[in-house]
Structures are given as C-alpha cells and as structure tokens.
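Student: Below are the sequence and a predicted model for it; my questions follow.
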Amino acid sequence: MTTRRLLATSLRPDGSMERLRRVVAIVTAMSCALAAAITAGAPARAGTTPDFTLTLSTGPTFNPGSAGTFTATVTPLNGESGPITLVPLQGTAQVTPPSAVVQSPYAPVTFTISSGAKLAGGTATETVEGADTNGNVHSASTSYTISSTPADFTLSVAPGSITVQQGSSGNATVSITPRNSFSADLQLAAAANPNTSQPVTPVAAWSDSAPVVDVPSPYAAQVLTVTVPAKVSTGTYTVSIVGASYNAASTDQTLTLTVVVVSGPGSPDFAISVSSCPTFNPGASTQFTATVTPLNGESAPVTLTPTQGEMQVSPPTAVTQVPYAPVTFTVSQSAKLSAITQTITVEAVDANGFAHSASTTCASTTTPADFVLSASPTALTIPQGGAAPAIVSIVPSNQLSSNVELAAVPTTAATSAQPVGTWSNGAPVTDVAAPYAAQTRPARLGPRPRQCREGVRRDPGRSARRRRGSGRRHPPVCRRASPAVPVG
C-alpha cells in the first residue's frame, strides 16, 4: 500500500487517530530510508575529497652533452596524505630518475635533464605527470633550453716520451680537461702500436692493470704504466691513448706516447746492418751483405730472413753463429721485367726472441741481360747410322748470370726416322751455368726408310728371316746418298 493510499484511508470519517499515527510513523521511516539512500549514491560536495596539485620550477639552460635540473612540487589538498608517483615524459632529452614516489610532507623532487652532445640547440617542453592512490591524476610542464655550445673534453699526457730498460716499466700521467659543462663518463684505452718487424712489444695498462678504464666526473688524472718485457728489442715504440665518450662533441681523441726501449743491464742483444745494393740489369743479379753485431755478450744464433718481391733474394733464410760473419744475399730479377726499385728488409731474430731489422734499396736498369748462340760447324754430313760432333758456344751480354738451357731439336721434315742430337750428358737438353762453357752436340743419323726403284717389290718376310738367321743387321737393297744434317 502506497503512502498516498494510506493517507487517504486514514482521513475517512470512520478512521481513527491511532491509524493516523501509524501512517505518519511509516511515512517518516520511509522518508528517512530514502534520504539515506540518496546520500549514499550522490556525489560528494566539492572540497571534501583528498587531492593534490603539481607545479614545476623553471626549466634549465644547458649545453649539449651536459645536464641541468628542475624540481617538481606536490601540494596536498583536502587532507591528502597518501604517496604520489611522479613520472617525467621522455623525449630527445633524457630525464632521470624515470619515476619518483613522494610521501607526506611532500618535499620537492629534483629531476636531471640531459642531452647528447650531437643534439642541436633549441627550446623544448618537459612534462611531469603525478598520480595518487585515490586515482587523482595531474600534470605540469616547464620549458628548458639547449644551447648551441656542445660539451667536450681534451686529453694530455706527461711526459710525452719515456725511456724504459728491457725488463722494466715506466709511467706517464693522462689528464682530462672537461669543456662546456661536460659531465659524462669517459673511457680511456691504451695499447702499444703493432710493429711487424718486432714480435714482442711493450704492454700498456692503467692503475687497475686493465687496458681500458672508465673515468667519471670530476676526472681524476690517470696513471698509465708501460711494461717492457725482457725480450722486447731495443728501439722506439709508440703507445696510442684514446679517450671516448658517448656524450661528447668529438667521438674520440687520441694521444701518442713515445717509448724508447734501451738495453737492460746484462741483457744479451744484437744490432744488424746491411750494405748498399749495386744497380744491376734485369736477368742478371747483384749482392749485398748483412752484418750482425753482438751486444752484452750475445752468443745465440741469429736467423736472417730477407723480404721478397719482384726481385728475388737468395738464400731465403740464413743462420749466423758466433763470431757472426757477414752473410751475403744475392738479388735477381727476370729479364722480362722492366726496371724497378725495391726495398729489401732483412729481419733478424735471435734464440732469445730479440728481433731487429735493417733495409737496403735495390734498383735494376732498363737494359736486360741477354745472350747469343753460335755453332761450329754450322752443318754436318753424317752417314746413315753414324755420328758427328758440333761445338755450341754461349756468349752472355749485359751481365747475364742465370743458367741457359740448350735443347737439340731436328728441323728437317718429319719422316719415320730423324737425326738425333744429344749433348755431352747424353740427353737432348742440357742446363749451362755461368761462365757458360762451350757444349758439344753429337748428331747421330739413323737408317732412312728403304726406297726401291720403280717395279721392284720389297719382301718383308725375307728381310726378317735374314735378320733372324744371321743375327746381324743387313743393309737395305736400295741405297740413297746420305743427307747433310744442319746444326742448331
């Protein structure tokens, strides 16, 4: 029954005051319940829910490759007391920390903003968002400026050259000077430059014994230690020192430290020198010598190896022992090659691992070595089955010194039998070395094929029977005059 019906019933003439009181009580209770329900579901009036506001300080101005700071301030409202998370938005400039949680009483939070040294200057906006545990979210923004002067650094080393004995070590100090607010970490690396003629080189390391060290701001000076093993040969070496940072205008910077290695007390060693190389003709040869001088009681064998090229050097290796007599090397070049100039380096290593080298320059002329041949006599008359000698002479020209190969080749038209030429070695080819002694070439003429007059028929069976019965060779029925055999 509704309230209106209850109220109408109670006002009838036959109603009573008791019934009226009951209706009023019911209406009152329902009104209270309705008011409570409306209060629970309706939004609260403004100014009663915990909340906050967020503000940022003025953004910094900084150089590319460096950094600046700004602060974020939370102001609580309506009794806000819960934690609030602040998150800066990232862009071309990076902001750290990437997030921060601030608690009551909400002290200001400092953020650092930085950019790469390669970033162009200009003005940009940074935004920070804040959220509390009640679901309230607010944001604030500030402007920052990147200048046009990038951060950078310079390196220096002192001293620039150190002298170290074999088996010892020496130090140099590397200093870092930041420029234009440079503040990023810097990596320093050091290594001895390779030397192809020296198998062992000095070793460079920083104070932590590593070849690379990370140096943060404010960039304390770094000590570089160069250790020279006992087997490092005396001479001058270089160590490259490289400084690099991801956040500097220059990608990297390089210094060179000179290291002069001298003999240690009592360290056996040696020196090597080479003579000049006389000019020679292509196809000929020339010579130079390499001399080993022992130092500090050196007595180990020393192996010498010359470099090769278009000019060939022999022997390809040589070992010299005490008392280290000079070693002679022969340089030659093909007569087919044009005039060239070549630097020949002799690399020397002793049994202790010490290595040294020395170089000389060889040059060839534009006049190639050559030779001419002559034969005496120039023609031979040889009976079939006979032999006759001829003398072949070699006349060198333009310093020819390489071997000459002689071959005996028939030049007459091919038949079933040809004159055969052999040299004194019994072969059709002979190799003649300087000074080119005259060579004897016997020519032997074998039997020619039988030629019979017209109308006469050969009997191969009869000829074979005659050979088997007598055991000797029978002359042919038809004979021809012996031909003249040309020589050469």
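Tutor: Nice, thanks for sending it over. Being a predicted model, the structure only gives us computed values, none of them experimental. Numbers count the residues shown, from 1 in each chain.
Student: helix, strand or coil for residue 241?
Tutor: strand (DSSP: H, G, I helix; E, B strand; the rest coil).
Student: Against residue 211, how distant is it?
Tutor: 11 Å (Cβ to Cβ, to the nearest Å). C-betas here are computed from N, CA, C, even on glycine.
Student: Neighbour count for those two, which is higher?
Tutor: Between residue 241 and residue 211, residue 241 has the larger neighbour count (other Cβ atoms under 10 Å), namely 21 against 15.
Student: thought that one was touching residue 174?
Tutor: Yes. Using Cβ atoms under 8 Å, residue 241 is in contact with residue 174, at 5.9 Å.
Student: Can you work out which residues contact both of the two?
Tutor: Counting by Cβ atoms under 8 Å, 6 or more residues apart in numbering, the shared contacts of residue 241 and residue 174 are 155, 157, 188, 224, 255.
Student: and residue 78, what does it touch?
Tutor: 47-51.
Student: meant to ask about residue 90
Tutor: residue 98.
Student: repeat for residue 173
Tutor: Taking Cβ under 8 Å, 6+ apart, one finds 157-158, 221-224 in contact with residue 173.
Student: out of those residues, which are buried?
Tutor: 157, 222, 224 (16 or more other Cβ atoms under 10 Å).
Student: List the contacts of the first one.
Tutor: Listed by Cβ under 8 Å, 6+ apart, the contact set of residue 157 reads 172-175, 224, 241, 255, 257.
Student: Can you tell me the element it falls in?
Tutor: strand 152-158 (DSSP states H and E).
Student: Show me what counts as buried in that strand.
Tutor: Quick answer for strand 152-158 (16+ other Cβ under 10 Å): 152-153, 155, 157.
Student: Can you name the next helix or strand after that strand?
Tutor: strand 161-165.
Student: Can you give the strand pairings for that next one, parallel or anti for each?
Tutor: strand 252-262 (parallel) (DSSP bridges).
Student: hang on, residue 376 packs against residue 389?
Tutor: No. Between residue 376 and residue 389 there is no contact under Cβ under 8 Å: 10.0 Å.
Student: Would you map the strands across the stretch 1-150 of the chain?
Tutor: Remark: strands assigned in the stretch 1-150 of the chain by DSSP state E, counting those that start in this stretch are 51-56, 61-62, 67-77, 84-88, 94-96, 100-102, 109-114, 122-132, 137-146.
Student: TSV please, covering those and showing mean neighbour count and mean pLDDT.
Tutor: Shown next, in TSV, are the strands of the stretch 1-150 of the chain (neighbours: other Cβ atoms under 10 Å; pLDDT from 0 to 100):
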stretch	mean neighbour count	mean pLDDT
strand 51-56	17	97
strand 61-62	18	92
strand 67-77	17	95
strand 84-88	20	97
strand 94-96	16	94
strand 100-102	15	97
strand 109-114	19	95
strand 122-132	16	95
strand 137-146	16	95
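Student: Can you lay out those strands as JSON lines showing distance to residue 312?
Tutor: Output for the strands of the stretch 1-150 of the chain, formatted as JSON lines (distance: least, Cβ to Cβ, whole Å):
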{"stretch": "strand 51-56", "distance to residue 312": "79"}
{"stretch": "strand 61-62", "distance to residue 312": "66"}
{"stretch": "strand 67-77", "distance to residue 312": "65"}
{"stretch": "strand 84-88", "distance to residue 312": "72"}
{"stretch": "strand 94-96", "distance to residue 312": "63"}
{"stretch": "strand 100-102", "distance to residue 312": "76"}
{"stretch": "strand 109-114", "distance to residue 312": "63"}
{"stretch": "strand 122-132", "distance to residue 312": "66"}
{"stretch": "strand 137-146", "distance to residue 312": "65"}
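Student: Fine, thanks again, bye for now.
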